[in-house]
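Undergrad: this is a predicted model, with the sequence first.
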Amino acid sequence: MDGKEQLERVRERVIETIAKNMNLYGITDSIGRLYGMLYFHNQPMTLDEMKEELGMSKTSMSTSVRTLMDLKMVEKVWKKGTRKDLYLAEEDWHQTFIDFFSIKWRAGISMNIAAMTKSIIELERLEKSEEIDEEVRSAAKVDITKMKAALSYYEWLNRLVDSFESEEIFDFIPKNKEEL
């Protein structure tokens with residue numbers, strides 16, 4: 001096996017591992033492979049080049065690139081003399097994790113806070129109603145207490161995400177062991 005074949009084999013192993021890991025976060029293997037391929041390509045690529053490299057349809061490739069752009073794992077770049085859109089992988093994995101984590105968790109936090117807040121309001125109305133029996137009133141009080149505790153958790157989770165976005169997390173868990 002020559003050096004080029006060995007290089008490709010090593011890269012392919014890492015790309016497959018990236019694809020499997022991204023699958024843990026709800027990202028398809030094909031999108032993970034696309035990111036891995038862009039990561040090792042070392043220069044911007046067009047959709048046509050990516051399509052050729054991975055053998056995916058242009059529509060699928062376009063959707064995959066858009067997903068990676070939404071997650072801030074790929075950015076569109078400009079190159080003089082090129083009319084087609086070019087895409088480049090984000091190579092800072094700390095930043096990639098922060099962006100991915102923040103985007104996904106902020107959406108979940110927002111959705112849960114909205115549901116809990118609306119439910120607490122409804123339960124407080126129900127609790128004050130004279131038309132319910134004591135068993136329902138008691139259950140509503142317990143549920144309100146549980147949901148307020150959950151809201152406290154989501155407020156903490158928001159602060160955790162804030163610490164990632166501000167990079168304060170690295171004050172507690174440095175990027176490199178040498179910084180400990």
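TA: That came in fine, so what should we check first?

Undergrad: which sections of the chain are below the confidence cut-off?
TA: Low-confidence segments of the chain, defined by pLDDT under 70: 180.

Undergrad: how about the closest residue to residue 50 other than its chain neighbours, what does it touch?
TA: Take residue 50 and drop its neighbours on the chain: the residue closest to it by C-beta to C-beta, 6 or more residues apart in numbering is residue 61, 5.3 Å away. Backbone N, C-alpha and C define where each C-beta goes, glycine included. With contact set as C-beta atoms under 8 Å, 6 or more residues apart in numbering, residue 61 has these partners: 34, 47, 50-51, 54.

Undergrad: tell me the domain boundaries of this protein?
TA: Domain ranges of the chain: 3-90, 94-179, per automatic domain parsing.

Undergrad: so which of these is the most surrounded?
TA: Among these, domain 3-90 has the highest mean neighbour count (mean count of other C-beta atoms under 10 Å), at a mean of 15.

Undergrad: how far off centre is the strand or helix carrying residue 68?
TA: Element membership for residue 68, per DSSP states H and E: helix 58-70. Put simply, helix 58-70 sits 15 Å off its chain's centre (C-alpha atoms, centre = their mean, to the nearest Å).

Undergrad: just stretch 148-156 next, same as before
TA: Mean C-alpha position of stretch 148-156 versus that of the full chain (C-alpha atoms, centre = their mean) differs by 21 Å.

Undergrad: please save the CA atoms from it in CSV.
TA: The C-alpha coordinates for stretch 148-156 follow below in CSV (Å, rounded to 0.1, in the frame of the first residue of the first chain):
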residue,chain,number,x,y,z
LYS,A,148,-41.4,25.2,39.3
ALA,A,149,-38.5,22.9,40.2
ALA,A,150,-38.2,22.0,36.5
LEU,A,151,-38.2,25.7,35.6
SER,A,152,-35.3,26.2,38.1
TYR,A,153,-33.4,23.5,36.2
TYR,A,154,-34.1,25.1,32.9
GLU,A,155,-32.8,28.4,34.2
TRP,A,156,-29.6,26.6,35.3
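
Undergrad: so residue 78 makes contact with residue 86?
TA: Yes - Residue 78 is in contact with residue 86 according to C-beta atoms under 8 Å; the separation is 7.2 Å.

Undergrad: before we move on, back to that, okay if I get the contacts of residue 61 as JSON lines plus secondary structure?
TA: Shown next, in JSON lines, are those (DSSP: H, G, I helix; E, B strand; the rest coil):
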{"residue": "34", "secondary structure": "helix"}
{"residue": "47", "secondary structure": "helix"}
{"residue": "50", "secondary structure": "helix"}
{"residue": "51", "secondary structure": "helix"}
{"residue": "54", "secondary structure": "helix"}
